[in-house]
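Peer 1: next come a sequence and a model predicted from it.
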Amino acid sequence: MRIFTIIFLLLLLLSKAGHSQEKKQGTKSVTRALKKTERKARNKYLSSGFGIVKMSAKDKATSPLLYSGATAFGNLQYLVHSHKLIKTFEISAAGGTLKTDKESHPVTRSSATGLYFDLRFLYLAKLIDFAKDKVTWYLGGGIDFTNYARINYKYGNSAYNYEFMLDAGVASRIEFPFGHKSKDCKFLGMRLHRRDRRYRLSWQIYLPVAGMIYRPGYVTVTNFSDPEEKLFNGDNLKGGIFRFFQINSTVELFYILHNGNMLKLSYLWEYHQYNPGYNKVQGALNGIYFSFIFRFNSLKE
């Protein structure tokens, strides 16, 4: 009798264990299915932009003067977007002539060539919806590589200087979708049909936290090679927490077309400063650029 009781209890335990395992597997399957559905709900875009921005620089390694000027700007971005998640990978570049207004003669006053290159990856997740769920706040982080360079042939053996910055930081983004519905109306006695329109306004900030910066120990002309100076000198590489200051702010207005593609108008403002105790450098970039955005998938917004 005891044997039958023991066998019954063992079968009961095995049955419960099997049921628990099936329940866990079922929960995992549901979780995987939800994650897959969420991934499919993300829209994927390729953005190509161009515009004119103002570049400014004050590099005390070559001159105490402020150089600035309008430069051509280009941007290429891959965007993954959903209500819960935003990922961006973008490349930006700018270049043009910078001048100083401290010299009186407009022809002979000093000018320099300013160059800019930036490579950035950002990952942001939804933090909260507010303002009656009309505004979404995203928070995340990213990795950024930036290069500023200046060439001023007036200074001879101090013609070329630059800084390379590689960092990891925090990013914040706020989005506000808005628009209007289709409507029939009259204008000057004519019947008009206004189609529905959708827009999205966003503001994004990126701030480096930990990073490395590389600047030459001294500046040289571009076509001169110093046999005493290596191509890379580790003594010129400095790193740490908030070793340099840099901030990137972008305000974007999206116009969403009915086929899912978009047009975008962006205002970019970027500033950096590095002061190791000598040869302080400051630079800024700000301006407007226009982008065409093409959607890869056919999901509805």
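Peer 2: Received the coordinates, thanks.
Peer 1: where do the helices sit along the stretch 1-150 of the chain?
Peer 2: Taking DSSP state H, counting those that start in this stretch as the criterion, the stretch 1-150 of the chain carries its helices at 2-40.
Peer 1: low-confidence ranges, it, go.
Peer 2: Along the stretch 1-150 of the chain, segments meeting pLDDT under 70 span 1-41, 103-109.
Peer 1: now with 90, please.
Peer 2: Where the stretch 1-150 of the chain drops to pLDDT under 90, the residues are 1-42, 59-65, 100-112, 130-133.
Peer 1: which parts of it are strands?
Peer 2: 43-59, 67-81, 85-99, 111-130, 135-151 (DSSP state E, counting those that start in this stretch).
Peer 1: make JSON lines out of the ones you listed and add mean neighbour count.
Peer 2: Every residue, glycine included, has its C-beta placed from N, CA and C. JSON lines is the format used below for the strands of the stretch 1-150 of the chain (neighbours: other Cβ atoms under 10 Å):
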{"stretch": "strand 43-59", "mean neighbour count": "18"}
{"stretch": "strand 67-81", "mean neighbour count": "18"}
{"stretch": "strand 85-99", "mean neighbour count": "18"}
{"stretch": "strand 111-130", "mean neighbour count": "17"}
{"stretch": "strand 135-151", "mean neighbour count": "19"}
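Peer 1: residues in contact with the closest residue to residue 296 other than its chain neighbours?
Peer 2: Using Cβ to Cβ, 6 or more residues apart in numbering and skipping residues adjacent in sequence, the residue nearest residue 296 is residue 44, 4.4 Å away. The contact partners of residue 44, by Cβ atoms under 8 Å, 6 or more residues apart in numbering, come to 78, 79, 80, 81, 295, 296, 297.
Peer 1: wait, residue 93 touches residue 118, no?
Peer 2: Yes: if you go by Cβ atoms under 8 Å, residue 93 and residue 118 touch, sitting 7.5 Å apart.
Peer 1: what sits in contact with each of these two?
Peer 2: With the criterion set as Cβ under 8 Å, 6+ apart, the contacts of residue 93 and residue 118 do not overlap.
Peer 1: quick one on the thing from earlier: please determine how far the residue nearest to residue 296 is located from residue 176.
Peer 2: Residue 44 sits 22 Å away from residue 176, taking Cβ to Cβ, to the nearest Å as the criterion.
Peer 1: what pairs with the strand or helix carrying residue 292, parallel or antiparallel?
Peer 2: Assessed by DSSP states H and E, residue 292 sits inside strand 281-295. Within its sheet, and counting by DSSP bridges, strand 281-295 is paired with strand 43-59 (antiparallel), strand 262-274 (antiparallel).
Peer 1: quick one: that strand to strand 135-151, angle?
Peer 2: 130 degrees (axes from the mean of the first three to the mean of the last three Cα atoms, to 10 degrees).
Peer 1: burial of residue 174, as a residue count?
Peer 2: Neighbour count of residue 174, defined by other Cβ atoms under 10 Å: 15.
Peer 1: specify the beta-bridge partners of the closest residue in space to residue 140 that isn't next to it in sequence.
Peer 2: Leaving aside its chain neighbours, residue 140 sits nearest to residue 124 (3.5 Å; criterion: Cβ to Cβ, 6+ apart). Under DSSP bridges, the beta-bridge partners of residue 124 are residue 86, residue 140.
Peer 1: TSV for the strands paired with strand 281-295, including distance to residue 85?
Peer 2: What follows is the strands paired with strand 281-295, written out as TSV (distance: least, Cβ to Cβ, whole Å):
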stretch	distance to residue 85
strand 43-59	11
strand 262-274	18
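Peer 1: out of the ones you listed, nearest to residue 66?
Peer 2: strand 43-59 (4.8 Å; Cβ to Cβ).
Peer 1: got the contact list for residue 264?
Peer 2: Contacts of residue 264 by Cβ under 8 Å, 6+ apart are 47, 49, 252, 253, 254, 255, 290, 291, 292, 293.
Peer 1: which one of these sits closest to residue 140?
Peer 2: Top of the list for closeness to residue 140, among these and by Cβ to Cβ, is residue 252 at 16.5 Å.
Peer 1: any idea how far that closest one is from residue 279?
Peer 2: 35 Å.
Peer 1: try residue 100
Peer 2: Relative to residue 279, and taking Cβ to Cβ, residue 100 is found at 18 Å.
Peer 1: swap in residue 285?
Peer 2: From residue 285 to residue 279 the distance is 21 Å (Cβ to Cβ).
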